[in-house]
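# dropping the sequence and predicted coords here.
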Amino acid sequence: MEEIESIEKTLAPYGKEVEFQQVTYDNGFRMLRLRIREGKRFTMIDLDPNTSKEWMRIMADWNEKLPQE
């Protein structure tokens, strides 16, 4: 069994909705779930803490390289 807590929802390009959820399993292990809705279709990606940190680093590095507006 798992407990799911919604953290935040945001919109992405092309009409996609992204919901960030914390998933806590019976043994106490937590994952960050990205729930992406595109029309009637859903994609879910579960990230452990190390993977979410790596994704944050990659996205921040990419963002820093963009021309400042």
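That came in fine, so what should we check first?

# in whichever strand or helix holds W55, which residues are buried?
If you go by DSSP states H and E, W55 is part of helix 49-65. Neighbour counts over helix 49-65 (16 or more other C-beta atoms under 10 Å) mark no residue as buried. In short, each C-beta sits where N, CA and C put it, glycine included.

# which other helices and strands does that helix contact?
strand 30-38 (3 or more C-beta pairs under 8 Å, 6 or more residues apart in numbering; DSSP states H and E).

# just the C-alphas of the helix holding W55, formatted as CSV.
Output of helix 49-65 as CSV, limited to C-alpha atoms (Å, rounded to 0.1, in the frame of the first residue of the first chain):
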residue,chain,number,x,y,z
PRO,A,49,16.0,11.3,-3.9
ASN,A,50,19.3,10.8,-5.8
THR,A,51,17.6,10.8,-9.2
SER,A,52,15.6,13.9,-8.4
LYS,A,53,18.8,15.7,-7.3
GLU,A,54,20.5,14.7,-10.5
TRP,A,55,17.5,15.9,-12.6
MET,A,56,17.5,19.2,-10.6
ARG,A,57,21.2,19.7,-11.4
ILE,A,58,20.8,19.0,-15.1
MET,A,59,17.8,21.4,-15.4
ALA,A,60,19.5,24.1,-13.4
ASP,A,61,22.7,23.8,-15.6
TRP,A,62,20.6,24.0,-18.7
ASN,A,63,18.7,27.0,-17.4
GLU,A,64,21.9,28.9,-16.5
LYS,A,65,23.2,28.5,-20.0
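
# contact partners of it?
Applying C-beta atoms under 8 Å, 6 or more residues apart in numbering, the external contacts of helix 49-65 come out as 30, 32, 47.

# I figured M31 hits I45, correct?
No - using C-beta atoms under 8 Å, M31 makes no contact with I45, being 9.6 Å away.

# give me the more crowded residue out of the two.
Under the criterion of other C-beta atoms under 10 Å, the comparison of M31 against I45 puts M31 first, with 17 against 12.

# got the angle for the helix holding W55 vs strand 30-38?
If you take axes from the mean of the first three to the mean of the last three C-alpha atoms, to 10 degrees, helix 49-65 sits at 50 degrees to strand 30-38.

# cool, thanks, talk later.
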